[in-house]
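Asker: Attaching a predicted model along with its sequence, questions to come.
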Amino acid sequence: MPDASQPDGPSGAVVVSDVRAEPSSAPAAGPSAIVSSLRYAAQTSGVLRGVRALLGVNQKDGFDCPGCAWPDPEHRATFEFCENGARAVAHEADARKVDAAFFERHTISALRAESDHFLEHQGRLVTPAYRWPGSDRYEAISYDEAYEIIATSLRGGTSPNEAVFYTSGRTSNEAAFLYQLFARTLGTNNLPDCSNMCHESSGKGLGSTIGIGKGTVTLADFDEADCILILGQNPGTNHPRMLSTLAAAAARGARVVSINPLKERGLESFAHPQTVSGFFGVGAPISTTYVQVRINGDVALLKGVMKQVLALERDRGGVLDRSFLAEHTTGFDELAASLAKHSMSELEQESGVSAETMREVAEIYVSSERVIACWAMGITQHENGVDNVREILNLLLLRGNIGRPGAGVCPVRGHSNVQGDRTVGIYEAPTEAFLARLDAGCGIVAPRAHGFDSVGTIRAMEEGRVRFFMALGGNFAAATPDTERTCRALSRVALTVQVSTKLNRSHLESGEAALILPCLGRSERDERRGLPQFVTVENSMGIVHTSEGRLPPASAILESEPAIVASIAARVLGHNRPVPWKTLANDYDHIRTLIERSIAGFDDYNERVRAPGGFALPNGPRHREWKTATGKANITVVPLVRRTLAAGELVLMTIRSHDQFNTTIYTLDDRYRGIHGARRVVFLNQDDMTERGLLEGQLVDLESRFDGVVREARGFACVPYDIPRRCAAAYFPETNGLVPLESVARESRTPTSKSIVVTVHPAKGA
Ligand SMILES: Nc1nc2c(c(=O)[nH]1)N[C@H]1C(S)=C(S)[C@@H](COP(=O)(O)OP(=O)(O)OC[C@H]3O[C@@H](n4cnc5c(=O)[nH]c(N)nc54)[C@H](O)[C@@H]3O)O[C@H]1N2
Ligand SMILES: Nc1nc2c(c(=O)[nH]1)N[C@H]1C(S)=C(S)[C@@H](COP(=O)(O)OP(=O)(O)OC[C@H]3O[C@@H](n4cnc5c(=O)[nH]c(N)nc54)[C@H](O)[C@@H]3O)O[C@H]1N2
Ligand SMILES: [Mo]
């Protein structure tokens, strides 16, 4: 029976759902959050295994929480976990198994009809499996047989650039390093990753302005900041541990300014589960100012705020950090001249924010000695995502808010090791300096031609230019844009290989032949020849630390990711070409020694990473060293973003619910936004609904139009919500089919998942 929580069934039938939307008035986190995560743990992994798993998260000798990349505080409470981290761990500790018998019972076409939620809840993958070309089933095979199938495919007729190696950001430094070394020795830079769809715009924007594609702050800076700006991020759901940091800052009087089209519960108030007041659900206010910008109105808003800052400088003087601007930056005069060309009313119109509010934010900004700016997907996933980042930098640079305590930039990463993967070489466009050092460290000559990014991979698949596709984690078919087209593109690939912990859409929407390689999860004990191993990861603030699983593996046969990559590389390239793969995989210290030799910043890796808390990678801007072409921090003039909507059109942002981790759907609820039991919902402004004659709960179809092509997503229940006019929101990945493959950010080529122009129509057949 189709309902609003399920994907369109083959019939496309639609029925009115019982979706309830009562925005929660309770503060984020707090006791109900803990109860809810423990309930989930008990359901999926059995109480004991679940609680043991939770206790191992983010302890000094435990494993890194796979939930997000927010760093751990120095002094950890015994229960330093958040609801969503707990859920991620419990989900991995699932006691159910997807084994040989499972694949005998289920055909691929039957599994295809199931929801993503169903697939992920079948249990842990515990057997390698192969689907022959033309077959409707996976068959259990051994790892060894799987490696032979891969080697045959890569040795026979696939040229290196017809092979693509995708990575999702949960992969450890050790596995990622071996993986890119394998790809580059084979002869390709086809190393797309989830970053291409995530913080690529941050990397490009930061790299071109301050010379490093990463943030500049550490956790300690949050204790000193007077003002924290949070743009396009929903930490209550996506980085819950960040709320403790924000609540502490707000409690000591720091100003927290949230810039978001939605009033997100977690940003409004927060109850810390570890404190008594938190336990009784008394919420501490977090945001002192909440600016409800319209979707993609951030450039206009920031220009307005900067105009006000310059006006304050004219009125009062002493507002700008003149000596910093002179010594450390370029481009200030051009910025000031360009701001003078825009009128405040124009900026009000494009941002949807009043001049008074911009003035208020400017006042807060100039009266704060130390300012940090944080952001996430609401900033990066727009056509002008890179410019958004540059505009944030412009504001900070005006008052020298980089390279001193309590100030700086903080792009809050998503996957727990997505930043580390990039550091150790998962990148389709590596620099010459990176490759030269890798060549010297590993005795190879890496290819110089840049490879495919995520969107480029799909285009190449469509054109028949990809014969082999391997994914180290992730869910490529569901996480990428233009779902139907992407699935068709994937089906043209001769062999697709997924290294995974759980069943997902990418196992079903695969190449002509397909392999599933199950692997150990991060929470599990990883022993090589009887010796326990740990891996290392880099958090959002450039700190590299250890992660060591404690739980017994879901199955004794499961291989680790580094071992799987090493085995494949040895089989394809030869045992010692260019490095002794098996020796490396048998003792991860050897991998780290090789990383130290091959990548800048990892001196004494094995020693330093064993120190409590790990070590920080070099970060020039922290010391006001700018590795840019000008040798300075670059202030840039970015074009004003003007919204051009035709009559009836809305801008749709695709966002995460509270109970999902990317394409992994834990439950069908989104508690803080008051949604229960449904995911196919669209949040709309009441006036936009009235204008269209739409009622609460009514089913609608969404249409996006791009270059003359119409894309459709059917059967979404309308939810009136506090969102600016002509803005709409719905969940990812259900709406990925609406995101045109060609609609990407300039420079970063990140899909524009937060600004899709759509129209809304009463559902066909409802
Ligand atoms: N529980 C959980 N944790 C996660 C994840 C998860 O799925 N679940 N995913 C992980 C990953 S990979 C990532 S990248 C992060 C994502 O973390 P977020 O970026 O917080 O995730 P989104 O749900 O995409 O939320 C985007 C936010 O930006 C706002 N927004 C959208 N468009 C605009 C805009 O134009 N301007 C402004 N100012 N705001 C806008 C939305 O209202 C929303 O609050 O979370 C990580 N952590
Ligand atoms: N419309 C829209 N699309 C988006 C986004 C959006 O906001 N809107 N966000 C984008 C963003 S920010 C990101 S990061 C991407 C995410 O893209 P991906 O990283 O590709 O997707 P995930 O859903 O995180 O991957 C989940 C799968 O990873 C596997 N997995 C989990 N743990 C492990 C492990 O330890 N090892 C291995 N080998 N596998 C594991 C499981 O099988 C699980 O099914 O999606 C992007 N797509
Ligand atoms: Mo992400």
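Answerer: Right, received. Where do you want to start? Ligands and ions are numbered 1, 2, ... in the order given.

Asker: alpha carbons only for contacts and neighbour counts from here, please
Answerer: Fine.

Asker: what residues go with each domain of this protein?
Answerer: Using automatic domain parsing, the domain parsing of the chain gives 45-92, 98-194+426-533+543-557+569-616, 200-411, 650-762.

Asker: and the helix or strand containing residue 757, is it in reach of ligand 1?
Answerer: Using DSSP states H and E, residue 757 sits within strand 756-762. No - Strand 756-762 stays clear of ligand 1 (C-alpha under 6 Å from any ligand atom), getting no nearer than 10.4 Å.

Asker: Okay, the residue of the stretch 601-750 of the chain found nearest ligand 2 and residue 120: tell me how far apart.
Answerer: For the stretch 601-750 of the chain, the nearest residue to ligand 2 under the criterion C-alpha to the nearest ligand atom is residue 663, separated by 3.6 Å. According to C-alpha to C-alpha, to the nearest Å, residue 663 and residue 120 sit 9 Å apart.

Asker: for residue 523, same thing?
Answerer: 17 Å.

Asker: Residues of the stretch 301-450 of the chain that sit close to ligand 1?
Answerer: Contact residues, the stretch 301-450 of the chain versus ligand 1 (C-alpha under 6 Å from any ligand atom): 376-379, 413-415.

Asker: Highest neighbour count among those?
Answerer: Within these, most neighbours by other C-alpha atoms under 10 Å means residue 379, with 29 neighbours.

Asker: host element of it?
Answerer: Element membership for residue 379, per DSSP H and E: helix 377-380.

Asker: Tell me the pLDDT of the residue nearest to residue 527 when sequence neighbours are not counted.
Answerer: In space, and not counting its chain neighbours, residue 527 is closest to residue 533: 5.6 Å by C-alpha to C-alpha, 6 or more residues apart in numbering. Turning to residue 533, the model gives it a pLDDT of 97.

Asker: Is it correct that residue 533 is in contact with residue 588?
Answerer: Yes - the pair residue 533 and residue 588 qualifies as a contact (C-alpha atoms under 8 Å) at a distance of 6.6 Å.

Asker: Look up which helix or strand residue 724 falls in, please.
Answerer: Using DSSP H and E, residue 724 sits within no helix or strand.

Asker: is it true that it touches residue 297?
Answerer: No - counting by C-alpha under 8 Å, residue 724 does not reach residue 297; the two are 10.8 Å apart.

Asker: between these two, which one's more packed in?
Answerer: residue 297 (25 against 20).

Asker: residue contacts, that one?
Answerer: Neighbouring residues of residue 297 by C-alpha atoms under 8 Å, 6 or more residues apart in numbering: 350-352, 641.

Asker: Check the offset of the longest helix along the chain from the chain's centre.
Answerer: In the chain, assigned by DSSP state H, the helix with the most residues is helix 298-316. Computed by C-alpha atoms, centre = their mean, to the nearest Å, the chain-centroid distance of helix 298-316 equals 31 Å.

Asker: do stretch 556-569 as well
Answerer: Mean-position distance between stretch 556-569 and its chain equals 25 Å (C-alpha atoms, centre = their mean).

Asker: Can you give me the buried ones in it?
Answerer: Going by neighbour count (16 or more other C-alpha atoms under 10 Å), the buried part of stretch 556-569 is 558-569.

Asker: Tell me which ones among those residues also neighbour ligand 2, please.
Answerer: When C-alpha under 6 Å from any ligand atom is taken as the criterion, no member of the buried residues of stretch 556-569 contacts ligand 2.

Asker: Nearest to ligand 3 among these?
Answerer: Within the buried residues of stretch 556-569, the smallest distance to ligand 3 is 20.4 Å, found for residue 561 (C-alpha to the ion).

Asker: In contact with that closest one, which residues?
Answerer: Counting by C-alpha under 8 Å, 6+ apart, residue 561 makes contact with 171, 175, 472, 499, 519-520.

Asker: Please apply the same query to residue 518.
Answerer: Applying C-alpha under 8 Å, 6+ apart, the residues contacting residue 518 are 125-128, 499-502, 558-559.

Asker: With that, I have no additional questions.
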